[in-house]
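Engineer: Test case, fold it:
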Amino acid sequence: MPPPSLRIRSITLDDVPQFRDVGNVVFRERRFMAFVEGFPLDECRAFVENNLKLGNPQLVAEIDGRLVGWCDVRRSLLPVHAHVGNLGMGVLPEFRGQGVGERLIRAAIEASCAAGFERIELHVYAKNSVAEALYRKVGFVREGTLLRGKKIDGEYDDVHVMGLLL
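Structural biologist: Numbers count the residues shown, from 1 in each chain. Model prediction:
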């Protein structure tokens, strides 16, 4: 059950420093994301500004004024894929398993519908069965697998491609 003070809302430029900090924690775990190092503040600001400019849903989870997670859906820039969004998300380790991720992703799906997306897709590593279970719970289906699609520190993992039609 999510903490009672959990608030899901759209990101603002004022959130960029905390957003960067949360992302950097998740990236540096080197387990869940394609990025394995943190980003400088100016790159994070540019990412958020671009999402705001393009109308891409980018939500944050906030507990007592502290950002603890995010979920964004970025529209493809290719004309034939402009109806498709790619989902990315992360939650700080100490807030996982409490419903934060589910609340974030459900809000992102709703915002994506409102923004005119027709499909959301994502990649999840095979070893991240907890995340895949969450994605299935909210309606995503596995559409394929990229065998040995991830390699880090000499170890491979398969990458599951998942999609949700809106």
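Engineer: Can you name the residues bridging to the residue sitting nearest the centre point of the chain?
Structural biologist: The chain has residue 89 as the residue nearest its centroid, 1.7 Å off, counting by C-alpha atoms, centre = their mean. Counting by DSSP bridges, residue 89 forms beta bridges with residue 71.
Engineer: hang on, isn't it packed against residue 69?
Structural biologist: Yes. The pair residue 89 and residue 69 qualifies as a contact (C-beta atoms under 8 Å) at a distance of 7.0 Å. C-beta: built from backbone N, CA, C; applies to glycine.
Engineer: Quickly list what's touching both of those two.
Structural biologist: The contact sets of residue 89 and residue 69 overlap at 101, 104 (C-beta atoms under 8 Å, 6 or more residues apart in numbering).
Engineer: any idea how far residue 86 is from the closest residue to residue 138 other than its chain neighbours?
Structural biologist: Sequence neighbours aside, residue 105 is the residue nearest to residue 138 in space, at 5.4 Å (criterion: C-beta to C-beta, 6 or more residues apart in numbering). Residue 105 sits 13 Å away from residue 86, going by C-beta to C-beta, to the nearest Å.
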